[in-house]
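Trainee: Any chance you could fold what I've pasted below:
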Amino acid sequence: MPSPDPAAELARIFKVLSVDTRVSIVQMLQERPLCVNALAARLDITHSAASQHLRILREAGVVSAEKDGYWVHYSLDEETIGTWAAAIEGFLNQQTKE
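Mentor: Numbering: from 1, shown residues only. This is a model prediction of the structure:
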C-alpha cells in the first residue's frame, strides 16, 4: 500500500484535533481509560455528544474501546499517538527551519 500524502495526513490529524472537546478527551485518556459516562460528566456534555466525539476519535485510530460487562472503556492507542506526535513534531521542526 502506498504511503499517504504527508500533507493530507497532517490535515487529517489537525481536523480530528480541531475541536477542543476532542483534545480534552485525549488529555483525560492519557491519565487512564474512561467510559462515556465519566467523560460526559467531566466535560459537562451529554452522553450522546461524548459518544459522537469518541466515534470520530475511534475512526481516526486515536482511541480503542474495550467492553467490560455493561461498560465500554476507552483508552488511547499509543501507536497512533506516537505516529501523530512524530508527524506533528516533524511538521513544526520543518516550519522553524524555513
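
Trainee: From here on, just use CA atoms for contacts and neighbour counts.
Mentor: Fine.

Trainee: neighbours around residue 30, how many?
Mentor: Neighbourhood size, residue 30 [other C-alpha atoms under 10 Å]: 14.

Trainee: Please apply the same query to residue 25.
Mentor: 23.

Trainee: chain center to the strand or helix carrying it: distance?
Mentor: Here residue 25 sits within helix 20-31, counting by DSSP states H and E. Computed by C-alpha atoms, centre = their mean, to the nearest Å, the chain-centroid distance of helix 20-31 equals 7 Å.

Trainee: Likewise for stretch 54-74?
Mentor: 11 Å.

Trainee: With just CA atoms, put that stretch into PDB.
Mentor: Extracted C-alpha coordinates of stretch 54-74, given in PDB (Å, rounded to 0.1, in the frame of the first residue of the first chain):
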ATOM      1  CA  LEU A  54     -15.400   9.200  20.700                       C
ATOM      2  CA  ARG A  55     -16.700   7.800  17.300                       C
ATOM      3  CA  ILE A  56     -14.500  10.400  15.500                       C
ATOM      4  CA  LEU A  57     -11.500   9.500  17.600                       C
ATOM      5  CA  ARG A  58     -12.100   5.800  17.100                       C
ATOM      6  CA  GLU A  59     -12.400   6.100  13.400                       C
ATOM      7  CA  ALA A  60      -9.100   8.100  13.400                       C
ATOM      8  CA  GLY A  61      -7.500   5.300  15.400                       C
ATOM      9  CA  VAL A  62      -6.700   7.500  18.300                       C
ATOM     10  CA  VAL A  63      -8.800   5.600  20.800                       C
ATOM     11  CA  SER A  64      -9.800   2.000  21.200                       C
ATOM     12  CA  ALA A  65     -12.800   0.600  23.000                       C
ATOM     13  CA  GLU A  66     -12.900  -2.400  25.300                       C
ATOM     14  CA  LYS A  67     -16.200  -3.900  26.500                       C
ATOM     15  CA  ASP A  68     -16.300  -4.900  30.200                       C
ATOM     16  CA  GLY A  69     -19.800  -6.200  31.100                       C
ATOM     17  CA  TYR A  70     -22.200  -3.300  30.500                       C
ATOM     18  CA  TRP A  71     -19.500  -0.700  30.200                       C
ATOM     19  CA  VAL A  72     -17.200   0.200  27.400                       C
ATOM     20  CA  HIS A  73     -13.900   1.700  28.500                       C
ATOM     21  CA  TYR A  74     -12.000   3.900  26.100                       C
END
